[in-house]
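Peer 1: Whatever this is, show me its structure:
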Amino acid sequence: MTKTHTKLVLALAAVAAALFAFGAGGAAANGGRGGIGQVGTSALVNAAASQLSVTSAKLKGAILDSALARIDEAVADQDISSTDAADLKDEARDNLIVSYRLSRASTVASGLGITVTKLNDGFRAARKALILKKIDAAQTAGKITADQAAQLKAQLDKVTLPGYKPGLGLAGLADRTGAKGFRR
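Peer 2: The predicted structure follows:
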């Protein structure tokens, strides 16, 4: 990874943490944001742990270890200062979203003793289960009809959900700004 890319990823993580602290927290308190396809990081990690047959604590620990290693790499590459790294490490320890965004699938999988393919498959299955649960809840609450629920489920069966993490490109950021539906 280039130094510029590392700086961008770390900067995006810091911005995301700040946005979460000041924006998404309120949105979550008001019932969440985004469409049926949006799932929260904690819920996703907990569901993925179940899919992977590991405890949530073990998966969260592997995610944190990966994030901390990535921060150490950035310090070694002189992309960030040790002071900034200490602050970012504290934020990663306190905020699963920051840890998740900084982590790498390869090091998380290694920390769990599984392959990246198995990690990705577990997260895909967890995403699908959580989205199906949201569709069913929306139907039960009368927010959508049975036909709409069936259409959403059919659409879900046709998409390839992201594995461990969605890409960090602009499309990945757009998914977190309230864009509704699924990416194809």
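Peer 1: Apart from its chain neighbours, what residue comes closest to the residue nearest the centre of the chain?
Peer 2: In the chain, the residue lying closest to the centroid (C-alpha atoms, centre = their mean) is Thr41, at 4.8 Å. Spatially, and ignoring its direct neighbours in sequence, Thr41 is nearest to Ile97 (4.8 Å; C-beta to C-beta, 6 or more residues apart in numbering). Using the backbone N, CA and C atoms, a C-beta is placed for each residue, glycine as well.
Peer 1: quick one: buried residues of stretch 107-121?
Peer 2: By neighbour count on 16 or more other C-beta atoms under 10 Å, the buried set for stretch 107-121 is Thr107, Val108, Ala109, Ser110, Gly111, Leu112, Ile114, Val116, Leu119, Asn120, Asp121.
Peer 1: does the fourth one sit in a helix, a strand or a coil?
Peer 2: Translated: Ser110. Assigned by DSSP: H, G, I helix; E, B strand; the rest coil, the conformation of Ser110 is helix.
Peer 1: what is the rounded mean pLDDT of the top helix by length along the chain?
Peer 2: Scanning the chain for the helix with the most residues, using DSSP state H, yields helix 116-140. Mean per-residue pLDDT for helix 116-140: 96.
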